[in-house]
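In: quick one: sequence and predicted model below, then my questions.
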Amino acid sequence: MDITVNILLTIATAATPLLIAAIGELVVERSGVLNLGVEGMMIMGAVGGFGAGYLTGSPWIGLLAAIIVGALFSLLFAVMTLSLATNQVATGLSLTLLGLGLSGMIGTSFVGQPGVRLPNLDIPGLSSIPVVGRLIFGQDPVFYISISLTAAVMWFLFRTRTGLTLRSIGDSHTSAHALGIKVIRYRYLAVIFGGACAGLAGGHLSLVYTPQWVENMSAGRGWIALALVVFASWRPWRVLAGAYIFGAVWIGQLHAQAFGIPVPSQFLSSLPYLATIVVLVLISRNKRLTMMNTPASLGQPFVPDR
Amino acid sequence: MKKLLIALMTTAAVLSVAATAEAADKLKACWVYTGPIGDFGYSYQHDQGRLQVEKALGDKVETAYLENVSEGPDADRAFERLAREKCKIIFGTSFGFMDAEVKVAKKFPKVMFEHATGYKTGKNLGIYNARFYEGRYVLGQIAAKESKKGLAGYIVSFPIPEVVMGINSFMLGAQSVNPDFKVKIVWVNSWFDPGKEADAAKALFDQGADIIVQHTDSTAALQVAEERKLHGFGQSSDMIKFAPNAALTSLTDEWGPYYISRVQAALDGTWKPDNVWLGIKDGAVKLAPFTNMPDDVKAMAEATTKKIAGGWNPFTGPVSKQDGSPWLKDGEVADDGTLLGMNFYVKGVDDKLPQ
């Protein structure tokens, strides 16, 4: 029983940064903006979070700093693509490159320093209930944030007027503009929200998952988050499912290897990617529904005419 | 996408070499790393070697380096750029730079080239490598003494001879203490991904291993060991700070002395292409202080280290292959060629080698 609980906890830790970054990007893309800079914002959040935590000794300040750094970094993207109407793909890519390089430079003095770790939640009595105790009441704080964030985004996008407005902007910015909606303002807020989420995901990496700073420590997780959004056809609960399927298959294959199952490890390592794609393709087979969910003006620059 | 990124980054890295003013009497020594120098692992240790050169030879030399250079065709440009920038001696520190260095070395016959962990040489191209397996034998002995369950978890990157050699040497060391010692192996197919390494460590601990060994570069696995109050070994650099209660020792690379001697030779005009495989006795492979273990285990580890430094090879017979067929006869020592091409396990490794 203990091993099952341990496996589930490991899966949750692996899925959490993917889920947070992907949920943030989902909101950005729902507003019609494609930000390929997730990896860059994530790594900036990781270095910012580690640095603030290390210097102040408080992992909570670290986490807050990660969110702020991610948001500020995304502001750069917002100014370029929204105010100056640059190409979103190129700008997003350069944001990633800039983030990877800049974080390495900022982090030079943090290399080889043990950081601080965000403690797991521990509610006396509740956390020690067998099995469910640790799963429900004993995980790291970011895990709870990630789940609440997903629920909040679902509610916001599909149950509030502002969410509806945001989605309409993503579908047709010209119509929304004609209706007097402040397209650029909405998009600014969406991009900053996405940046804050990516930063938080990075903070999870350097304060919970592997409490340390090393260059490139995000190791492509931003790209996986980006892919999850597309495969989840812009539905929050599918992003949740995708992140957890990815995490589960990844941890499962490690256990399969340790158990000695005679399957080539290269194949096992590619399984998480394959499984996630297959499952998400299966659940989004309905073409009409997928079309409906795809933000129609995704990636197109918008210059309001006065 | 990742390829494109790497290509872009290489270009950026190449462009960022500072065009320093050329002092006529200074010798310019240059390095090419495959990873970031901030990895606190393999590339970091090479860069520490470069810094030692600067310190030891002072204003007789100036140094430059390129980091994050991807292996393969992009490496050509990196080496060529350095050669054009008047580097007199260039060290390529990764296996994958081999063909690039061979090519560029031919183009610049007056520049001295050195390549780590490869096997191709040339008129102005020498090679150097380190016998990491020597240290892994000692780790195996410590693991067998310290593991209560007689089971270690081993996190590995890619099935190349270097890694297979390490697993075998570790097992021979462990078996010399406990003939029934077992190891569980997990391939993460990456040299460097802290998250993956941590997950692998958790999986191995969950399946009963109580000691962790790694042939990947980050400190993540050791941190998991610390959290679970179990033990492990550091890799490439001394990682004790990350696991003050869990780290038994670290298997570290010490390139400085070699780099200093080679750059000195270049200064003296006595440099010739070399083919060296340095081990514990040369100080290129070092074990960090033995910690968190009883005195008798420490004494054993120190004695074994001394024995290897004295010239004893961990791959000394009798040794059988995994299937039980004999490999080395009693007293027979494996030759370097076999080791450098090793693609089989020794007896007692319970894993199928990915081909």
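Out: Nice, thanks for sending it over.

In: in what helix or strand does residue 104 lie?
Out: All of this is about chain A. Remark: residue A:104 resides in helix A:88-106, with elements defined by DSSP states H and E.

In: that's the wrong chain, I wanted chain B
Out: For residue B:104, the host element (DSSP H and E) is helix B:98-107.

In: which residues of the chain fall in helices?
Out: Here I'm looking at chain A. A:2-30, A:38-56, A:59-78, A:88-106, A:132-137, A:141-159, A:161-171, A:173-178, A:183-204, A:221-231, A:236-259, A:265-283, A:287-293 (DSSP state H).

In: wait, I meant chain B there
Out: With DSSP H, the ranges of helices along chain B come out as B:2-15, B:42-57, B:73-84, B:98-107, B:132-146, B:161-177, B:194-206, B:220-227, B:256-268, B:295-309, B:336-340.

In: need the pLDDT of residue 26.
Out: Using chain A. Model confidence at residue A:26, given as pLDDT, is 97.

In: you answered for a different chain; I wanted chain B.
Out: Looking at residue B:26, its pLDDT is 88.

In: any idea how far it lies from chain A?
Out: When distance is defined by CB to the nearest CB, to the nearest Å, residue B:26 is 25 Å away from chain A. Heads up, the C-betas are built off the backbone N, CA and C, glycines and all.

In: tally of neighbours for residue A:187?
Out: A count of nearby residues for residue A:187, using other CB atoms under 10 Å in any protein chain shown, gives 22.

In: give the buried residues for the helix holding residue A:104.
Out: For helix A:88-106, burial by neighbour count (16 or more other CB atoms under 10 Å in any protein chain shown) applies to A:88, A:91-101, A:103-104, A:106.

In: equivalent analysis for stretch B:118-136, please.
Out: The neighbour-count check on stretch B:118-136 (16+ other CB under 10 Å) flags B:118, B:121-122, B:124-136 as buried.

In: distance from the chain centre to that stretch, please.
Out: Centroid displacement of stretch B:118-136 relative to its chain, using CA atoms, centre = their mean, to the nearest Å, is 11 Å.

In: quick one: terminal-to-terminal distance for it?
Out: 20 Å (CA to CA, to the nearest Å).

In: and for stretch B:102-115?
Out: 9 Å.

In: show the average pLDDT along it.
Out: Per-residue pLDDT over stretch B:102-115 has a mean of 95.

In: buried residues in that stretch?
Out: B:102, B:104, B:105, B:108, B:111, B:112, B:113, B:114, B:115.

In: list of residues touching it?
Out: Residues outside stretch B:102-115 that contact it (CB atoms under 8 Å, 6 or more residues apart in numbering or on different chains): B:76, B:79-80, B:83, B:87-92, B:97-98, B:101, B:120, B:122-128, B:262, B:266, B:271, B:273-274.

In: go again using 7 Å as the cut-off
Out: Contact partners of stretch B:102-115, identified using CB atoms under 7 Å, 6 or more residues apart in numbering or on different chains, comprise B:76, B:79-80, B:83, B:87-92, B:97-98, B:101, B:120, B:122-128, B:262, B:266, B:271.

In: go on, stretch B:331-346?
Out: The contact list for stretch B:331-346, computed with CB under 7 Å, 6+ apart, reads B:119, B:161, B:164-165, B:167-168, B:171-172, B:277, B:313, B:315-317, B:319-322, B:328, B:351, B:353.

In: between the helices of chain B, which gets the lowest average pLDDT?
Out: Note on the helices of chain B: lowest mean pLDDT is at helix B:2-15, with a mean of 53.

In: low-confidence ranges, chain A, go.
Out: Chain A contains residues with pLDDT under 70 at A:1, A:306.

In: close to chain B: what parts of chain A are there?
Out: Residues of chain A found near chain B (CB under 7 Å from any CB of the partner chain) are A:3, A:6-7, A:10, A:14, A:97, A:104, A:107-108, A:111-112, A:114, A:205, A:209-212, A:214-217, A:219-220, A:223, A:250-251, A:254-255, A:257-260, A:262, A:264-266, A:269.

In: buried set for stretch B:71-91?
Out: For stretch B:71-91, burial by neighbour count (16+ other CB under 10 Å) applies to B:71, B:74-83, B:86-91.

In: quick one on the thing from earlier: now narrow the contacts of stretch B:331-346 to whatever sits close to chain A.
Out: Okay, of these touching chain A (CB under 7 Å from any CB), that's residue B:351.

In: what subset of the contacts of stretch B:331-346 is buried?
Out: Neighbour-count burial (16+ other CB under 10 Å) applied to the contacts of stretch B:331-346 gives B:164-165, B:167-168, B:171-172, B:313, B:315, B:319, B:322, B:328, B:351, B:353.
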